[in-house]
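# predicted model follows, preceded by the sequence.
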Amino acid sequence: MCLFWLVIDYITPAASAINIFIISLDRYIQVAYPLWARNNQTTTLLVIFILIPWVIPTLYFVPAICLWEVTKGRVIPDGECFLPYNSNVTVLSIGACIEFLFPFVTVSTFNLLVYLSIRRRSKKFWPSIPNSRQISTPRPPPSSSETGPSRIVMDEQEMIVTTGKSDNNHQKIALQRDRKAARSLFIFVFMFAICWMPYEVLATTSTICGGDCINSVLFEFTFWILWLNSTINPILYPLLHSRYRIAFYKILSVKQNTVGPMIQSIHS
């Protein structure tokens, strides 16, 4: 029972951390490569993204926890429950990389890339707005003396102006949406760092010094702060993204006909 609890205890927060990495990767692809993302959102890809956060920590923690005593001998005394390799710096460091260091570095990198992509697109977009306004100044209606070819040319010019304004509007909406995604991604990174970093620092320090240099109450407090991140994330998802709100309403709604008004209220 102790080993089972340890497996669950370490797999679930690690899966939550890797899930933030998956979300950050998805946000980066949506911002940097919107056409590719729109054309390649298949069910197979979604299933892979769902499985990755659970498969990676399972492949590491299950053998490490369950097979440690098989290969090294009994370590955990009766009446106690702790990681059998809690004094092995190498194994603990690999686990820390999987559950914290790799997600934190990659998520921070994606956050920076999203910011740079939005900034680059903003510089290209905003200078083009005054030009479109100058081109689209009102023109008096054509007189009856205008010939057919000249009228066709003016109609084509009006079509170009209208198309340019429409493209600018689409670009403006896309930039606003991407900025919102960047802000939400920054919030995820910030909360992840606050909740995970204290525990990882104390756990590594405790392993190096033999567990005598860290206050047990402080260590327990940082452990529960780590778990708090898994509680905060399901709250942040629907607060920051309307798609998650719709998904949550669909899951929590007892009757299917109650979903429609809720979705309408979200988009209103």
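Received, thanks.
# hey, let's count contacts and neighbours off CA atoms from now on
Will do.
# how much space between residue 188 and residue 31?
17 Å (CA to CA, to the nearest Å).
# same deal with residue 43?
20 Å.
# neighbour-wise, which of these two wins?
The neighbour comparison of residue 43 against residue 31 (other CA atoms under 10 Å) goes to residue 31, with 22 against 9.
# what about the more buried one, which SS state?
Put simply, residue 31 is helix when judged by DSSP: H, G, I helix; E, B strand; the rest coil.
# and it, what pLDDT?
Note for residue 31: predicted pLDDT of 80.
# correct me, but it touches residue 116?
No: using CA atoms under 8 Å as the test, residue 31 is too far from residue 116 to be in contact (10.4 Å).
# pull the CA atoms of the one helix or strand residue 104 maps to into PDB?
Using DSSP states H and E, residue 104 sits within helix 102-125. Extracted as PDB, the C-alpha positions of helix 102-125 are listed here (Å, rounded to 0.1, in the frame of the first residue of the first chain):
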ATOM      1  CA  PHE A 102      12.200  20.400 -17.900                       C
ATOM      2  CA  PRO A 103       8.600  21.800 -17.700                       C
ATOM      3  CA  PHE A 104       9.800  25.100 -16.200                       C
ATOM      4  CA  VAL A 105      12.500  25.700 -18.700                       C
ATOM      5  CA  THR A 106      10.400  24.700 -21.700                       C
ATOM      6  CA  VAL A 107       7.400  26.600 -20.600                       C
ATOM      7  CA  SER A 108       9.500  29.800 -19.900                       C
ATOM      8  CA  THR A 109      11.000  29.400 -23.400                       C
ATOM      9  CA  PHE A 110       7.600  29.100 -25.100                       C
ATOM     10  CA  ASN A 111       6.400  32.100 -23.100                       C
ATOM     11  CA  LEU A 112       9.400  34.100 -24.400                       C
ATOM     12  CA  LEU A 113       8.900  32.900 -28.000                       C
ATOM     13  CA  VAL A 114       5.200  33.800 -27.900                       C
ATOM     14  CA  TYR A 115       6.000  37.300 -26.600                       C
ATOM     15  CA  LEU A 116       8.600  37.800 -29.400                       C
ATOM     16  CA  SER A 117       6.300  36.500 -32.000                       C
ATOM     17  CA  ILE A 118       3.500  38.900 -30.900                       C
ATOM     18  CA  ARG A 119       5.900  41.800 -30.700                       C
ATOM     19  CA  ARG A 120       7.200  41.100 -34.200                       C
ATOM     20  CA  ARG A 121       3.700  40.900 -35.700                       C
ATOM     21  CA  SER A 122       2.700  44.100 -33.900                       C
ATOM     22  CA  LYS A 123       5.600  46.000 -35.500                       C
ATOM     23  CA  LYS A 124       4.500  44.800 -38.900                       C
ATOM     24  CA  PHE A 125       0.800  45.500 -38.300                       C
END
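# residue 14 against residue 57, yeah?
Yes: at 6.3 Å, residue 14 counts as touching residue 57 under the criterion of CA under 8 Å.
# any residues in contact with both of those two?
Common contact partners of residue 14 and residue 57 (CA atoms under 8 Å, 6 or more residues apart in numbering): 98-99.
# next, the buried residues of the helix or strand where residue 246 lies.
According to DSSP H and E, residue 246 maps onto helix 242-252. Neighbour counts using 16 or more other CA atoms under 10 Å place 244-246, 249-250 of helix 242-252 among the buried residues.
# just these now: which is nearest residue 22?
residue 244 (14.8 Å; CA to CA).
# what comes up buried for stretch 32-46?
32, 37.
# and if you look at stretch 80-99?
Across stretch 80-99, burial judged by 16+ other CA under 10 Å covers 83-87, 92-93, 95-96, 98-99.
# and residue 254, what pLDDT?
The model's pLDDT for residue 254 equals 54.
# cool, residue 4 as well?
Reported pLDDT for residue 4: 88.
# quickly find the element holding it.
In the assignment (DSSP H and E), residue 4 maps to helix 2-32.
# other SSEs contacting that helix?
Helix 2-32 is packed against helix 34-39, helix 43-66, helix 102-125, helix 148-209, helix 216-240, with contacts defined by 3 or more CA pairs under 8 Å, 6 or more residues apart in numbering; DSSP states H and E.
# could I get those helices as CSV with mean pLDDT?
Output for the helices and strands packed on helix 2-32, formatted as CSV (pLDDT from 0 to 100):
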stretch, mean pLDDT
helix 34-39, 85
helix 43-66, 91
helix 102-125, 81
helix 148-209, 69
helix 216-240, 83
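# kind regards, and thank you for your time.
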